[in-house]
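Peer 1: Need coordinates for the below:
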Amino acid sequence: MDMLLLQSISLAVAEAREVAAVLNMIVRGLAETAGLALARIWLMQSAAGVESPLHSDPELVLAASAGSSGSTGEQWTGLTGAFRRFPLGVRKIGRIGATGESILLCDVDSNPSWLAHPEWAQRERIRVFAGHPLIFRRETLGVLGVFGRQPMSEEDFRYLRIFADHAAVAIANAKAFEEINALRQRLEQENDYLRSEVKASFAGIVGDSLAIKAVQSQIDLVAPTDTTVLILGESGTGKELFARAIHDRSARSNGPLVKVNCASVPRELFESEFFGHAKGAFTGAVTERVGRFQLADGGTLFLDEIGEIPPELQGKLLRVLQEHEFERVGEDRTRRVDVRVVAATNRDLRQEVSAGRFREDLYFRLSVLPITLPPLRDRRDDIPVLATYFLQQTATRLGRPVPRLSSKNERSLTSYSWPGNVRELQNVVERAVILSRGGDLQFELPEDRPGKHSPQLKTPLTRSQLLEAQRVRIEEALRLANGRIYGPGGAAEQLELRPTTLVSKIAALGIKRNKQTR
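Peer 2: The predicted structure is shown next:
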């Protein structure tokens, strides 16, 4: 047996990071490269990942096999059969595992008691058996056993022992890598869970629908960057809450978050509101004023309803976004500022650009990373969760017991179109709590009128229908991903969900996963 061949196998094995790969490389290398008829590794039950029954005696379990028949060409790679398990101390494999001592049989014909099937050895012309314990840090991990058709010298036997020692180290390292990887994956899953729990209630963002999860995934992507963000959505969808979520998840989270509702600023005071003014700059300017951009230096400036900014000020806003420079009203000094802008609007800015009411270059500068918030009618499965959240808030504020949301209440709420979105739902819930006086909840909802928000409400979806729609969408994503959940092209990526969230939904919906799913 060539020591250089054993060294080359050892070097290749040392690079593997999975126990199964290490074991197969060892036995294949011995069978193919070293010319042995059969090479096998048995591992102690704990090392093999097999749980032993209560009060059972320790056993060695076959974990890897390689070799071939000299007469039929049959490949000996199976891990089943009569020699799959050896109790410690039983026969030669069990004896090696129990004592930690190596065994070399140079002529198996003269030692028939050591062979369970002497006729097999005669038929395959087996002449030698060698077995070594796989010991790492005084712990026996298993046994390496080989059968050969050629004689084995004492020197070859010593070389094989050295190889077995290297193999034991490789197995222990691979096992450690697998344990570390399993702990890392578990930690990532726990972190994913904790992050999803925080996001579900943080800053008032409540909901677990696919629509809201998709927005949260976008926020996770954009928040760490320093790029301007444009949040689009109807009135009442919670644009300010999502702007705060972007700020709190950014590197600027320790800086200020300054908010400006552009719709509430008088036209003639926009420039002063944004950039500040010097004392005496205009009638009534009795003191100097610091503008919102300067207040937000080092942090985030949230410009709500940005479509209301007058055209004459839009050029100055574009300058500060591009150059980070501005001048106060009535002052010649140019000031620099480090501000991230998050803008929001319920208008269609592209139409505003076409109508000449909004600068095209400012629109493109703002919409580098647009995020569109879904209206409440497109996330109906979140309505009961949101209603419960507002019930708890209102009841706590009023010092009353938290009312129970009945199934009838849920059906009533989910069948309404909610043109005012989450803000309207909050107002309706608060009014119901106040009027209930501790009794049953009665929600006062106006009749839906045909219009742009409610053509689909002629046949409102029930909660079970919404869950079924989720089921169909998830099953389709799994089919397109060939059952894969994780990784590029996986179902989680298609649905823009965290893998752990998707796994939870699959379990909750009772979706059966095929053999390829992982």
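
Peer 1: so where's the stretch 301-450 of the chain uncertain?
Peer 2: 438, 448-450 (pLDDT under 70).

Peer 1: Tell me where it has strands.
Peer 2: 325-327, 334-336, 340-345, 369-372 (DSSP state E, counting those that start in this stretch).

Peer 1: deepest of those strands, which one?
Peer 2: Mean neighbour count, computed with mean count of other C-beta atoms under 10 Å, is highest for strand 340-345 among the strands of the stretch 301-450 of the chain, reaching a mean of 25. All C-beta atoms are positioned from the backbone trio N, CA, C, and that covers glycine.

Peer 1: And that strand, how far out from the chain middle?
Peer 2: 28 Å (C-alpha atoms, centre = their mean, to the nearest Å).

Peer 1: And for stretch 346-363?
Peer 2: With C-alpha atoms, centre = their mean, you get 37 Å for stretch 346-363.

Peer 1: Show me where the stretch 1-150 of the chain has its strands.
Peer 2: Ranges of strands in the stretch 1-150 of the chain, per DSSP E, counting those that start in this stretch, are 38-44, 59-67, 85-87, 103-105, 128-136, 139-148.

Peer 1: could these go into TSV alongside distance to residue 437?
Peer 2: Listed next are these as TSV, based on distance: least, C-beta to C-beta, whole Å:
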stretch	distance to residue 437
strand 38-44	70
strand 59-67	69
strand 85-87	72
strand 103-105	87
strand 128-136	73
strand 139-148	71
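
Peer 1: Tabulate the ones you listed (JSON lines), appending mean neighbour count, mean pLDDT and distance to residue 277.
Peer 2: JSON lines is the format used below for the strands of the stretch 1-150 of the chain (neighbours: other C-beta atoms under 10 Å; pLDDT from 0 to 100; distance: least, C-beta to C-beta, whole Å):
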{"stretch": "strand 38-44", "mean neighbour count": "25", "mean pLDDT": "92", "distance to residue 277": "79"}
{"stretch": "strand 59-67", "mean neighbour count": "23", "mean pLDDT": "91", "distance to residue 277": "79"}
{"stretch": "strand 85-87", "mean neighbour count": "18", "mean pLDDT": "90", "distance to residue 277": "87"}
{"stretch": "strand 103-105", "mean neighbour count": "18", "mean pLDDT": "89", "distance to residue 277": "94"}
{"stretch": "strand 128-136", "mean neighbour count": "22", "mean pLDDT": "92", "distance to residue 277": "76"}
{"stretch": "strand 139-148", "mean neighbour count": "24", "mean pLDDT": "92", "distance to residue 277": "77"}
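
Peer 1: Which of the strands of the stretch 301-450 of the chain sits closest to residue 24?
Peer 2: Between residue 24 and these, the shortest gap by C-beta to C-beta is with strand 369-372, which sits at 47.1 Å.

Peer 1: Domain parsing of the chain, as residue ranges.
Peer 2: Split into domains by automatic domain parsing, the chain comes to 3-179, 225-374, 377-457, 463-509.

Peer 1: Distance to residue 218 for those - can I get that in CSV?
Peer 2: Formatted as CSV, the domains of the chain follow (distance: least, C-beta to C-beta, whole Å):
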stretch, distance to residue 218
domain 3-179, 34
domain 225-374, 5
domain 377-457, 15
domain 463-509, 8
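
Peer 1: Tell me which of these sits nearest to residue 209.
Peer 2: domain 377-457 (4.3 Å).

Peer 1: To residue 328, which of the strands of the stretch 1-150 of the chain lies closest?
Peer 2: strand 128-136 (72.2 Å).

Peer 1: just the helices in the stretch 401-518 of the chain please.
Peer 2: Per DSSP state H, counting those that start in this stretch, the stretch 401-518 of the chain carries helices over the ranges 407-414, 421-436, 463-480, 491-495, 499-509.

Peer 1: and the angle for the first one with helix 463-480?
Peer 2: When axes from the mean of the first three to the mean of the last three C-alpha atoms, to 10 degrees is applied, the directions of helix 407-414 and helix 463-480 differ by 60 degrees.

Peer 1: Right, I'll call it a day here.
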